[in-house]
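Participant: starting from these lines, generate the structure:
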Amino acid sequence: METDKKTTDWHDADILFSRTIKAGSRIYYIDVKQNRRSEMYLSITESKKLLSGSPDMPQVSYEKHKIFLFREDLEKFDEALHEAFNFINNEQVNAEEHQETEGAIKLDLDF
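Facilitator: Numbers count the residues shown, from 1 in each chain. Coordinates of the predicted model:
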């Protein structure tokens, strides 16, 4: 699920573009920011909800990880992400086809 994040606070004034992606217990923030020298960069934040304490008195905390990508690195990062996405998609299809084939063989042997 993606949503737009509006910036109204003075401390968020450097965010030029933002998307929020909710995925289970994790939330990803993809922000385009601008530094004091007016250079834009990409900020990717993963926020994960952590529960600790006892079941009757749970304590909630959030673990955050950030990556900052500057303009000179965007093309390399984009290429690497596309390669990784393609690898995952191709391997997943191959694994699913392999499982279907194994299932078909197993069914044939059971008769």
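Participant: any weak-confidence spans in the chain?
Facilitator: 1-13, 100-111 (pLDDT under 70).
Participant: what segments of it are helices?
Facilitator: Taking DSSP state H as the criterion, the chain contains helices spanning 71-110.
Participant: at the geometric centre of the protein, which residue do we find?
Facilitator: residue 28 (5.4 Å; CA atoms, centre = their mean).
Participant: beta partners for the closest residue in space to that residue that isn't next to it in sequence?
Facilitator: Closest residue to residue 28 apart from its sequence neighbours, by CB to CB, 6 or more residues apart in numbering: residue 21 at 4.3 Å. Every C-beta, even on glycine, is put in place using the N, C-alpha and C of the backbone. Beta-bridge pairing for residue 21 (DSSP bridges): residue 2, residue 28.
Participant: residue 21 and residue 30: what is the separation?
Facilitator: Residue 21 is 7 Å from residue 30, where distance means CB to CB, to the nearest Å.
Participant: and the residue nearest to residue 28, how many residues sit next to it?
Facilitator: Per other CB atoms under 10 Å, the neighbour tally for residue 21 reads 13.
Participant: how close does it sit to residue 42?
Facilitator: From residue 21 to residue 42 the distance is 14 Å (CB to CB).
Participant: residues touching residue 98, list them.
Facilitator: Shown in contact with residue 98 (CB atoms under 8 Å, 6 or more residues apart in numbering): no residues.
Participant: contacts only, for the closest residue to residue 53 other than its chain neighbours.
Facilitator: Setting aside the residues directly before and after it, residue 53 is nearest to residue 59 in space (CB to CB, 6+ apart), at 4.0 Å. Residue 59 makes contact with 51-53, according to CB under 8 Å, 6+ apart.
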